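> model this:
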Amino acid sequence: MKALHFGAGNIGRGFIGKLLVDAGIQLTFADVNQTVLDALNDRHSYQVRVVGEQQQIDTVANVNAVNSSSEAAEDLIAQVSLITTAVGPVVLKLIAPTLAKGLAKRRAAGNEQPLNIIACENMVRGTSQLKDHLFEVLAPEERDWVEAHVGFVDSAVDRIVPPSESADSDPLAVTVETFSEWIVDKTQFKGALPAIPGMEPTDNLMAFVERKLFTLNTGHAITAWLGQQAGHKTIRDAILDQNVRAVVQGAMEESGAVLIKRYGFDPEKHAAYIHKILGRFENPYLKDDVERVGRQPLRKLSAGDRLIKPLLGTLEYGLPHTNLVQGIAAGLHYHSPEDPQAQELAQLLAEKGPAATLVQISGLDAASEVVAEVVQAWQAQA
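All right, here's what the predicted structure looks like:
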């Protein structure tokens with residue numbers, strides 16, 4: 001089996017690419033970073049440092065790479081059985097033209113073998129959004145053929161992959177935590193499900209998408225934002241601060257109450273899931289900077305993301321949300337000279353104040369009581 005993976009960054013190499021190669025799949029990476037492409041094509045392998053209670057170094061071998069906007073990438077799209085991505089939500093739209101050209105070549109070549117595309121992004125139903133971008137650029141005569149022969153499989157992915165300490169000396173160096181989770185919607189595949197250890201099929205994907213979004217992503221963001229306020233440099237330092245930890249755990253429990261109500265999760269099992277995630281944040285072998293984790297506050301405070309979506313769930317079910325409110329307020333305080341969204345957020349706050357800024361980026365009702373609660377928390381944190 002052959003696969004093409006868009007995105008040869010840390011998540012692409014350390015998580016999805018590794019799983020595919022471990023499953024015996026012949027893998028080609030597609031990326032625009034020429035340094036990484038050259039290194040992959042020169043060595044055809046790289047090492048993944050897996051850190052936790054027990055550390056190991058795994059070698060991922062027999063890989064190569066192409067430029068993601070090249071004819072070589074288009075030619076591979078016409079041939080492979082699986083396409084995956086780990087490029088970031090914003091970049092999905094940028095790879096759609098290459099996908100469209102490659103699928104046109106696939107059709108012209110008469111290749112009617114099933115092809116499945118899985119976007120492995122930190123977002124809700126990323127593959128469905130990639131499909132929308134693709135269909136915007138596909139020729140009308142191609143759309144029916146693509147619908148018939150290509151599966152667009154949504155997924156939920158979970159693995160902490162911080163920047164590698166040796167990345168400056170080795171562009172392929174990658175460090176990952178031991179834990180990983182890749183859950184896919186088995187109802188969306190064309191043809192047989194590929195046998196990939198570590199890929200878990202389900203017919204109830206949204207339950208797992210929201211479990212991860214409302215727990216890991218919610219907790220990670222709040223840990224970063226409150227940790228920055230408290231002067232901590234890393235996620236580990238922040239979560240070991242009992243004041244930060246109390247809010248983070250409280251927010252995950254509040255969002256967990258929404259999940260239990262909505263999907264019928266077992267309360268004891270979900271409490272154990274929260275406990276496991278807190279332990280992952282404490283991993284002494286992962287040096288993850290709070291400023292990096294806190295980036296893109298406008299996206300993370302938007303209506304469908306990790307803070308506002310569980311908050312809306314608490315409002316829907318009449319559940320407590322005090323700690324989620326604290327987390328949202330902390331997000332409004334996030335600052336970073338390296339992050340354009342942080343700069344935009346600061347400008348909005350200076351021009352409009354906290355209430356109007358929150359309403360604009362979150363979609364919350366300006367007259368709602370919860371907006372006033374966030375503003376009060378924001379002022380208290382100032």
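
> for stretch 262-274, the distance to its chain's centre please.
21 Å (Cα atoms, centre = their mean, to the nearest Å).

> average pLDDT for that stretch?
Stretch 262-274 shows a mean pLDDT of 97.

> quick one: pLDDT of the closest residue to Gln34 other than its chain neighbours?
Distances taken as Cβ to Cβ, 6 or more residues apart in numbering put Asn67 closest to Gln34, at 7.8 Å, once the chain neighbours are dropped. (Each C-beta comes from the backbone N, C-alpha and C, glycine too.) Asn67 carries a pLDDT value of 98.

> List the beta-bridge partners for Asn67.
Asp31 (DSSP bridges).

> got the contact list for it?
30-32, 34, 37, 73 (Cβ atoms under 8 Å, 6 or more residues apart in numbering).

> Now do the contacts for Gln379.
Counted by Cβ under 8 Å, 6+ apart, Gln379 has contacts Pro354.

> quick one: it is in a helix?
Yes. Applying DSSP: H, G, I helix; E, B strand; the rest coil, one finds Gln379 inside a helix.

> So it versus His333, what's the distance?
11 Å (Cβ to Cβ, to the nearest Å).

> quick one: pLDDT of the most centrally placed residue in the chain?
The residue lying closest to the centre of the chain (Cα atoms, centre = their mean) is Asn122, at 1.6 Å. The per-residue pLDDT reported for Asn122 equals 84.

> just checking, it is part of a strand?
No. Going by three-state DSSP, the assignment for Asn122 is coil, not a strand.

> gap between it and Pro89?
7 Å.

> Asp288 too?
In terms of Cβ to Cβ, Asp288 sits 20 Å off from Pro89.

> Looking at those two, which is more packed in?
Asp288 (22 against 16; other Cβ atoms under 10 Å).

> Roughly how far does the more buried one sit from Val248?
14 Å.

> Now neighbour count and distance to Ser128 too, for the contacts of Asn67, in JSON lines please.
Listed next are those as JSON lines, based on neighbours: other Cβ atoms under 10 Å; distance: Cβ to Cβ, whole Å:
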{"residue": "Ala30", "neighbour count": "26", "distance to Ser128": "21"}
{"residue": "Asp31", "neighbour count": "22", "distance to Ser128": "23"}
{"residue": "Val32", "neighbour count": "17", "distance to Ser128": "24"}
{"residue": "Gln34", "neighbour count": "10", "distance to Ser128": "31"}
{"residue": "Leu37", "neighbour count": "21", "distance to Ser128": "29"}
{"residue": "Ala73", "neighbour count": "22", "distance to Ser128": "22"}
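
> Pull the most distant pair out of these.
Gln34 and Ala73 (14.1 Å; Cβ to Cβ).

> Dump the host helix or strand of Gln249 to PDB, keeping only the CA atoms.
Element membership for Gln249, per DSSP states H and E: helix 242-263. Output of helix 242-263 as PDB, limited to C-alpha atoms (Å, rounded to 0.1, in the frame of the first residue of the first chain):
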ATOM      1  CA  GLN A 242      -1.600  24.600  42.300                       C
ATOM      2  CA  ASN A 243      -3.500  27.800  41.500                       C
ATOM      3  CA  VAL A 244      -3.200  27.100  37.800                       C
ATOM      4  CA  ARG A 245      -4.000  23.400  38.200                       C
ATOM      5  CA  ALA A 246      -7.200  24.100  40.200                       C
ATOM      6  CA  VAL A 247      -8.600  26.200  37.300                       C
ATOM      7  CA  VAL A 248      -7.400  23.800  34.600                       C
ATOM      8  CA  GLN A 249      -8.800  20.800  36.300                       C
ATOM      9  CA  GLY A 250     -12.000  22.600  37.200                       C
ATOM     10  CA  ALA A 251     -12.500  23.700  33.600                       C
ATOM     11  CA  MET A 252     -12.000  20.100  32.300                       C
ATOM     12  CA  GLU A 253     -14.500  18.900  34.800                       C
ATOM     13  CA  GLU A 254     -17.000  21.500  33.700                       C
ATOM     14  CA  SER A 255     -16.600  20.600  30.100                       C
ATOM     15  CA  GLY A 256     -16.600  16.900  31.100                       C
ATOM     16  CA  ALA A 257     -20.100  17.400  32.600                       C
ATOM     17  CA  VAL A 258     -21.200  18.600  29.200                       C
ATOM     18  CA  LEU A 259     -19.800  15.400  27.500                       C
ATOM     19  CA  ILE A 260     -21.400  13.100  30.100                       C
ATOM     20  CA  LYS A 261     -24.700  14.800  29.500                       C
ATOM     21  CA  ARG A 262     -24.400  14.800  25.700                       C
ATOM     22  CA  TYR A 263     -22.800  11.500  25.000                       C
END
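
> Kind regards, and thank you for your time.
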